[in-house]
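[1] Predicted model, plus sequence, below.
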Amino acid sequence: MIPTQPDSLPQGQPVGRVIAMPADTNPEGDIFGGWLLAHMDLAGATPAFELAQGRCVTIALDGMVFHQPVSVGDEVSIYARVLKTGRTSIRVLVEAWKRPRNHAQAASVRVTEGIFTYVAIDEDRKPRPLPDPAA
């Protein structure tokens, strides 16, 4: 379950901002969901890498919800917040918000959100324990 409300403010730290371009559209002219998902995965890895103090890989995406389409020219801001950690894993809530670039005072609107799970890995690409936060 995604712990947010559709009309709330962004949760977590800002971890990325991109502009939707014409090359990123699907046949209907909206921004392709895979484009948005890729940006969310990259941005959501930021707090996971910081917490793991090193390399992580994405192993799961849960509860992806698309609320609004993204249009060409929209400014997409991505926010991430660590929800939970395990021995080797980190669950991160990632939200994408949009606003039109040509309206500086326009409010941002949540377009999608999902929970990404990352696992810390070692140099052999095997899961490794997360560092002790008390150390």
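    Nice, I can see it. Numbering: from 1, shown residues only.
[2] just for the protein, where's the confidence low?
    For the chain, the stretches flagged by pLDDT under 70 are 1-7, 134-135.
[3] got the residue ranges for the helices in it?
    With DSSP state H as the criterion, the chain has helices at 33-52.
[4] all strands for it, in order.
    Ranges of strands within the chain are 13-19, 56-66, 74-85, 89-100, 109-120, based on DSSP state E.
[5] what's the first one packed up against?
    Counting contacts by 3 or more CB pairs under 8 Å, 6 or more residues apart in numbering; DSSP states H and E, strand 13-19 is packed against helix 33-52, strand 74-85. Every residue, glycine included, has its C-beta placed from N, CA and C.
[6] Over to the second one?
    Strand 56-66 sits against helix 33-52, strand 109-120, with contacts defined as 3+ CB pairs under 8 Å, 6+ apart.
[7] Tabulate these in CSV, adding columns for distance to residue 102 and mean neighbour count.
    As requested, these are exported to CSV (distance: least, CB to CB, whole Å; neighbours: other CB atoms under 10 Å):
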stretch, distance to residue 102, mean neighbour count
helix 33-52, 20, 19
strand 109-120, 15, 22
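[8] List the contacts of stretch 109-117.
    2, 4, 6-8, 10, 33, 36-37, 40-41, 44-45, 48, 58-70, 76, 83, 89-99 (CB atoms under 8 Å, 6 or more residues apart in numbering).
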